[in-house]
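sequence first, then the predicted structure:
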Amino acid sequence: MKKLFSFLVLLVAALVFTACGKNDEKETVDFGMLGPFTGSLSQYGEPARKGVALAVEEINAAGGILGKQVVLHDEDDEGDAQKALNAYNKLVDSIDFLIGEITSGTSEVIAAEAQKDGLPMLTPSATAAGVTLNRSYVFRVCFLDPDQGVSMANFASETLKVTKVAVAYDNSDDYSKGVAAAFKAQAEANGMTVVFYDGGVVADSADYKALATKIKNSDAQAVFIPVYAGSIATLTKDVRAAGYTLPLLGADGWDGASTILAGEDGEGDVTPLNNTYFSNHYAADEVNAKAFVAAYKAKYNETPNAFAALGYDAAYLAKAAIEKAGTTDKAAVAAALAQVTYLGVTGEFTYNETGNPVKKIVICQYIDGKVTFKESK
Amino acid sequence: MSNIINQLINGIQKGSIYALVALGYTMVYGIIKLINFAHGDFIMVACFVTYSGIILFGLPIWLSLILALVFAVVLGIITEKVAYKPLRNSPRITALITAIAISLLFQNVSQKIFTSNPKIAREIIELKIYHIGDVVINNIAIITICVSIASMILLAVFVNKTRTGKAMRAVSENPDAARLMGINNNKTITITFAIGTFLAGIAAIMYYAYSGYLTPTLGGKLGLYAFVAAVVGGIGIIPGAMLGGFLIGIIEVLPYMVGIAPEYSDIILFGTLILILLFKPTGILGKNIGEKV
């Protein structure tokens, strides 16, 4: 009996030691990913996940990173901060690099944790300024909210040559508020008149008929409405039904609006989106994006949206940083990412000292439901 | 001036949707004293049945609408039999909690089937826009307003003039006495529910034509506003639901009419509710009847 017991003790000890040994010299590079892959924000999270998965597949096919294969651990948080935190705690000890979260609010919560734990984190699409501020381990792939407002205001005055604009945004949403404020400031700096500045575009409303009537009765030559695609589908429909035919302007939240209007069978009316322009992270018909778009279409049989492109770039940026560092040591990888230069699908990257990329913003136009590259601003 | 009139039309149109939903709330509450919090979700279900019929299965529009109505009524009767009937003699709060559970159940099942990505309905009535001077009105607004007023009148006539309506009122007043008079309580309550969900079906069709923005959670906000409408007008009172609905719809566009920030619309709306509850707890058309001991 005693012999059996000591044998068991030895066996357990042996198992524990092998497990430890395995942990110390891992044979893989582990990427964690957090995002809303189901739920109302899944239209942002799921493409990002697919973009990352495609990049990881390509990286592994080309020999991995530092000779090791990459393993992707993705956890769905449904865009809920508490669920994201639980998923983060589950992942944190086993991963070398975190890609995510997708939305600004949840990313803010996760970024604070990642900085505390010293885990390099790269969010594909959180555009709120605070996420990377004073956090040496946190970076982003996308541009900042205010940058889009500035670009769109310049686009309105320089390309569309309008002098009177209106702004309608969602006062309860930080993203919408931030972009709208930057647009207004730049518009006024460019000498345009802002005829109204309305915070009442509540997300997921049944209709926006009152706002549509207000827009129609104003003398605005273009209206800037930085809200999300779900609301944009209904809003453009109501605004066009009210008889307003002039340009509507938006930001990256507009990506996907035509898919919603077109519906499951793709036969829905997408004409309300004609004569609308929005800032975005990439355009599928732009020159640097073509190879990615082809690979994505081959794998998933659908056109990638901006979130897919950002996810794709995120995985390659992680690779570039780890290769530059020459190790998966977390502090070294974070330091290397700050120095990286990389030509991606969503632009040419260098990072400034706050972990934000320095790159141009793409402006797209909806033509009969198709997102078309207009210019870079 | 034309802006005020146009916004008023927007408000009345939206209000008539709230009124239709509030009619269903008020009707069920008036007879069996149950606040059916799942009412908004019956509307959501009927909307998705319409959507599936027209877009996923390619059925003719009229058939899809009839299917939606039938589906809503059958679902209402089943829900009543399965979830509410066993609780007939339980405290009222138990039935209320069950209604909330039903609401969550419907929302989550439709989320599973249809995902939570928003869907945009196609036109079921071709949109025609009429200009009278600077005033703009469309045919869907006119139809919505007419349908809700007609529903209210028909419902009031049904409850006040028919035998079944009389039975319903009797059950509402005193279920035990009604049974002694030979009224089949269970059957009467089932009919009440069937009518309530039929109204939900009508409201769904009107919502479908009016907004067309479909998500599995659409019943939540719609139901909440309509519930406020029913309470403001006087819950249990049929014309009260109508009045409350129009009032809530107009209050919602009030900031646009008078030119203040639209962020204030919910503040004004729920502020009105609190004021009415403070000064006239039975609602605008409610009568103060002392509780019988």
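Happy to help now that I have it.

what residues does chain A have near chain B?
Within chain A, the positions adjacent to chain B are A:38-40, A:42-43, A:171, A:198-200, A:204-207, A:209-211, A:213-214, A:217, A:230, A:233-234, A:237, A:241-243, A:260-261, A:263-265, A:268-269 by CB under 8 Å from any CB of the partner chain. In short, each C-beta sits where N, CA and C put it, glycine included.

quick one: buried ones out of those?
A:39-40, A:42-43, A:198-200, A:204-207, A:209-211, A:213-214, A:217, A:230, A:233-234, A:237, A:241-242, A:260-261, A:263, A:268 (16 or more other CB atoms under 10 Å in any protein chain shown).

of those, which belong to helices?
A:42-43, A:209-211, A:213-214, A:217, A:230, A:233-234, A:237, A:241, A:260-261 (DSSP state H).

by pLDDT, give me the weakest of the residues you listed.
Among these, A:Gln43 has the lowest pLDDT, at 84.

how far away is the nearest residue to A:Arg140 once chain neighbours are set aside from chain B?
Once flanking residues are discounted, A:Arg140 sits nearest to A:Thr123: 4.9 Å by CB to CB, 6 or more residues apart in numbering or on different chains. Remark: distance between A:Thr123 and chain B (CB to the nearest CB, to the nearest Å) = 22 Å.

so who does the closest residue to chain B within the stretch 151-300 of chain A touch?
The minimum distance from the stretch 151-300 of chain A to chain B, using CB to the nearest CB, falls at A:Gly200 (2.6 Å). Residues counted as contacts of A:Gly200 (CB atoms under 8 Å, 6 or more residues apart in numbering or on different chains) are A:Ala168, A:Asn171, A:Leu211, B:Pro255, B:Ala261, B:Pro262, B:Glu263, B:Ser265.

same check on B:Ile55?
Neighbours of B:Ile55 in contact, by CB under 8 Å, 6+ apart: A:Gly263, A:Glu264, A:Asp265, B:Ala121, B:Arg122.

and the strands in the stretch 151-293 of chain B?
Here the stretch 151-293 of chain B has its strands, by DSSP state E, counting those that start in this stretch, at B:213-214.

where does it have low pLDDT?
B:288-293 (pLDDT under 70).

and the lengthiest helix in chain B with chain A, contact?
Using DSSP H, we find that the single longest helix of chain B is helix B:2-32. Yes: interface with chain A: helix B:2-32 contributes B:Ser2, B:Asn3, B:Asn6, B:Gln7, B:Asn10, B:Gly11, B:Gln13, B:Lys14, B:Ile17 (CB under 8 Å from any CB).

got TSV for those, with neighbour count, distance to B:Gln111 and pLDDT too?
Putting the residues of helix B:2-32 next to chain A into TSV (neighbours: other CB atoms under 10 Å in any protein chain shown; distance: CB to CB, whole Å; pLDDT from 0 to 100) gives the following:
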residue	neighbour count	distance to B:Gln111	pLDDT
B:Ser2	13	42	79
B:Asn3	17	39	84
B:Asn6	25	36	90
B:Gln7	23	34	92
B:Asn10	29	30	92
B:Gly11	23	31	94
B:Gln13	25	29	92
B:Lys14	26	25	92
B:Ile17	30	23	93
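
who's the residue of the stretch 151-300 of chain A closest to chain B bridged to?
A:Asp170 (DSSP bridges).

for chain A, give me the ranges with low pLDDT.
A:1-25.

now the helices for it?
Using DSSP H, helices in chain A cover A:2-24, A:42-61, A:81-91, A:104-117, A:145-158, A:174-189, A:209-217, A:229-241, A:257-262, A:290-300, A:306-325, A:330-339.

who wins for proximity to B:Thr217 among the ones you listed?
helix A:229-241 (11.5 Å; CB to CB).

for that closest one, packing partners?
Under the contact criterion of 3 or more CB pairs under 8 Å, 6 or more residues apart in numbering or on different chains; DSSP states H and E, helix A:229-241 touches helix A:209-217, strand A:248-250, helix A:257-262, strand B:119-120, strand B:213-214.

hmm, the last one in reach of chain A?
Put plainly, it is strand B:213-214. Yes: contact of strand B:213-214 with chain A (CB under 8 Å from any CB) involves B:Tyr213.

from the contact counts, what lies against that strand?
helix A:229-241, helix B:39-51, strand B:119-120.

if we go to 7 Å?
Counting contacts by 3 or more CB pairs under 7 Å, 6 or more residues apart in numbering or on different chains; DSSP states H and E, strand B:213-214 packs against helix B:39-51.

check which element follows the helix it packs on along the chain.
Toward the C-terminal end, the helix or strand that comes next after helix B:39-51 (DSSP states H and E) is helix B:61-79.

now that next one - C-alpha only, CSV.
Extracted C-alpha coordinates of helix B:61-79, given in CSV (Å, rounded to 0.1, in the frame of the first residue of the first chain):
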residue,chain,number,x,y,z
ILE,B,61,-47.9,39.9,-48.9
TRP,B,62,-51.6,39.4,-48.0
LEU,B,63,-51.0,35.7,-47.1
SER,B,64,-48.0,36.6,-45.0
LEU,B,65,-50.0,39.2,-43.1
ILE,B,66,-52.8,36.7,-42.4
LEU,B,67,-50.3,34.1,-41.3
ALA,B,68,-48.8,36.7,-38.9
LEU,B,69,-52.2,37.4,-37.4
VAL,B,70,-53.1,33.7,-37.0
PHE,B,71,-49.6,32.9,-35.6
ALA,B,72,-49.9,35.7,-33.0
VAL,B,73,-53.4,34.6,-31.9
VAL,B,74,-52.5,30.9,-31.7
LEU,B,75,-49.3,31.7,-29.8
GLY,B,76,-51.3,34.0,-27.5
ILE,B,77,-53.8,31.2,-26.7
ILE,B,78,-51.0,28.7,-26.1
THR,B,79,-49.1,31.0,-23.9
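
buried stuff in that helix?
B:Ser64, B:Leu65, B:Leu67, B:Ala68, B:Leu69, B:Phe71, B:Ala72, B:Val73, B:Leu75, B:Gly76, B:Thr79.

grab the nearest non-local neighbour of the first one.
Sequence neighbours aside, B:Gly53 is the residue nearest to B:Ser64 in space, at 2.9 Å (criterion: CB to CB, 6+ apart).

residues touching that neighbour, list them.
Residues in contact with B:Gly53 (CB atoms under 7 Å, 6 or more residues apart in numbering or on different chains) are B:Leu59, B:Leu63, B:Ser64, B:Leu67, B:Ala68.

ok, and what's touching stretch A:340-356?
Contacts of stretch A:340-356 (CB under 7 Å, 6+ apart): A:132-133, A:135, A:138-141, A:144, A:281-282, A:288-289, A:292, A:309-310, A:312-313, A:316-317, A:320-321, A:324, A:337-338, A:357-360.

excluding sequence neighbours, find me the nearest residue to the residue of the stretch 151-293 of chain B found nearest chain A.
Relative to chain A, the nearest point of the stretch 151-293 of chain B is B:Pro262 (2.6 Å; CB to the nearest CB). Residue nearest to B:Pro262 in three dimensions, not counting chain neighbours: A:Gly200, with 2.6 Å by CB to CB, 6+ apart.

circling back to that earlier point, which ones are touching the residue of the stretch 151-293 of chain B closest to chain A?
So B:Pro262 contacts A:Asp198, A:Gly200, B:Pro255, B:Tyr256 (CB under 7 Å, 6+ apart).

near chain A, which residues of the stretch 51-200 of chain B show up?
When proximity is defined as CB under 7 Å from any CB of the partner chain, the stretch 51-200 of chain B approaches chain A at B:Ile55, B:Leu56, B:Ser116, B:Asn117, B:Pro118, B:Lys119, B:Ile120, B:Arg122, B:Leu127.

B:Thr215 is in contact with the fifth one, correct?
Yes: in this structure, B:Pro118 is within contact of B:Thr215 by CB atoms under 7 Å, at 5.0 Å.
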